[in-house]
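**Student:** Starting from these lines, generate the structure:
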Amino acid sequence: MGSCQLFSNLSELKSFVITHHNTIDICHETCNNDNNNKLNIVYLRYTIGKVKNLRPLVFSCLDKLENLDISNGSLEIIENGAFNGLEKLKSLTLSSNKLTHIGRNIFEKLINLNSLILRNNKINNIDDQTFDKQTLSSLDLSYNELKFINKYTFYGIECKHVYVGNNDKLIENFIAWNVDESKIQTDCIVQGIIQICTKLNSLSSVDVIIHDFSPDFPLPSSKLELSGISSIGRNAFNNSNINAHFKVLEIHYTENHEFIIYPESFEGLINLEDLILNVGAITLTNNLFDKLKSLNAWNFDEFKIQTDCIIQGILQICTKLNALSSVDVIIHDFSPDFPLPSSKLELSGISSIGRNAFQNSNINVYFKVLEIHYTENHKFIIYPESFETWRIPQFTAAHMNEKYYIEKHFFAARG
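**Tutor:** Sure thing, here's the model as predicted:
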């Protein structure tokens, strides 16, 4: 007796579980060709099985199926058409298998699908528009090997909750993914009285969890130290109920890929004075710290900071975070006897002179006048090392048109 005939005699059977079996094929051709042999099963679970490939129409006799669970097995490949005939399916679980690729069109016939669970596989590639026209309450892609999601991966999907956590090499970029950040799974931990929440290892919020917390509540520390995050999300602190309390922010990150922060990452940290980033590779852009009006110091490797250069005549003037980093002539085979048009260097749009800004310049000996224009409200910063190897024969005067404070021996490094 074939499985088709066997199940047809069990017309009241609604739920069926298969374990430790070599096949999931309960819909043979005889069932597919005979409408009288359609089965009434609404729940099918296949677990700890050895099936590696789901062929087309493998479930075609289960047109009443609402819940399909294929988990904890050896499944590697899903062919197009494997789920054809399952128009009533609401929940599909394919967790803890060996899937590496999710192709386009695999789920297109599942017009009533509500929940799609693909967690704990080895998925590293998802075709564009794979979830097009799907309306889901939950899509779970966590615990896979995804490294990249592009703007077409989630194209056309309507989904209330997307889970992408614990893809260790996947970097948060919700805007590039073309997905609403509010739909991404949030994971929270509690440290003392503070709740720290992340989305895909990106810091999303920091709040005190005390009921009726007020601004005058004495926190144990004004320092916030974080580890295990790969980025600071946009507006991570903007709605925090304690953003005004933090004066020191220190972050530790040891992975090989780049740590990501945005100018909006610091929105709301109005009293932050010290920023310590022990995070490895990072790209810092000019407007990154615009929101940190109280910042006095930051600590990171300056050679990881993005350099921006402009050309003024024959001069190339480079800055890092609006701090002057170098001034050089860009003429090929430039020599010391080349006649420069002026011995005066006039600069604007910078907020500081970096340490050793002139040290390796090929024309530092030429300048006799340095004039800087700066109109912002926060402090202009210069260091003794800012004038390292500044080889003017005699520094005759320093003119400043605002209140200033000069430490003893400030210009000693001039030489």
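
**Student:** and Arg355, that one's in a helix?
**Tutor:** No. With DSSP: H, G, I helix; E, B strand; the rest coil as the criterion, Arg355 is coil rather than part of a helix.

**Student:** Once you drop chain neighbours, what's closest to it?
**Tutor:** Glu385 (4.0 Å; C-beta to C-beta, 6 or more residues apart in numbering). Where C-beta positions appear, they are placed from N, C-alpha and C, glycine not excepted.

**Student:** my guess is that neighbour meets Ile353, correct?
**Tutor:** No. Under the criterion of C-beta atoms under 8 Å, Glu385 makes no contact with Ile353, lying 9.3 Å away.

**Student:** export stretch 93-113 as PDB, just CAs?
**Tutor:** Output of stretch 93-113 as PDB, limited to C-alpha atoms (Å, rounded to 0.1, in the frame of the first residue of the first chain):
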ATOM      1  CA  THR A  93      10.100  26.900   9.500                       C
ATOM      2  CA  LEU A  94      13.400  25.800   8.000                       C
ATOM      3  CA  SER A  95      15.600  26.300  10.900                       C
ATOM      4  CA  SER A  96      18.800  24.500  11.900                       C
ATOM      5  CA  ASN A  97      19.600  23.000   8.500                       C
ATOM      6  CA  LYS A  98      22.500  23.600   6.100                       C
ATOM      7  CA  LEU A  99      21.000  26.100   3.700                       C
ATOM      8  CA  THR A 100      23.500  28.500   2.100                       C
ATOM      9  CA  HIS A 101      21.500  30.200  -0.600                       C
ATOM     10  CA  ILE A 102      17.900  31.500  -0.800                       C
ATOM     11  CA  GLY A 103      16.800  31.900  -4.400                       C
ATOM     12  CA  ARG A 104      14.300  34.300  -5.800                       C
ATOM     13  CA  ASN A 105      10.800  32.800  -6.500                       C
ATOM     14  CA  ILE A 106      11.100  30.100  -3.900                       C
ATOM     15  CA  PHE A 107       8.300  31.500  -1.800                       C
ATOM     16  CA  GLU A 108       6.300  33.300  -4.500                       C
ATOM     17  CA  LYS A 109       3.300  30.800  -4.400                       C
ATOM     18  CA  LEU A 110       2.900  31.100  -0.600                       C
ATOM     19  CA  ILE A 111       0.400  33.900  -0.800                       C
ATOM     20  CA  ASN A 112      -0.900  33.500   2.800                       C
ATOM     21  CA  LEU A 113       2.500  33.000   4.500                       C
END
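
**Student:** Quick check: buried residues in it?
**Tutor:** Going by neighbour count (16 or more other C-beta atoms under 10 Å), the buried part of stretch 93-113 is 93-97, 99, 101-102, 106-110, 113.

**Student:** No further queries at this time; thank you.
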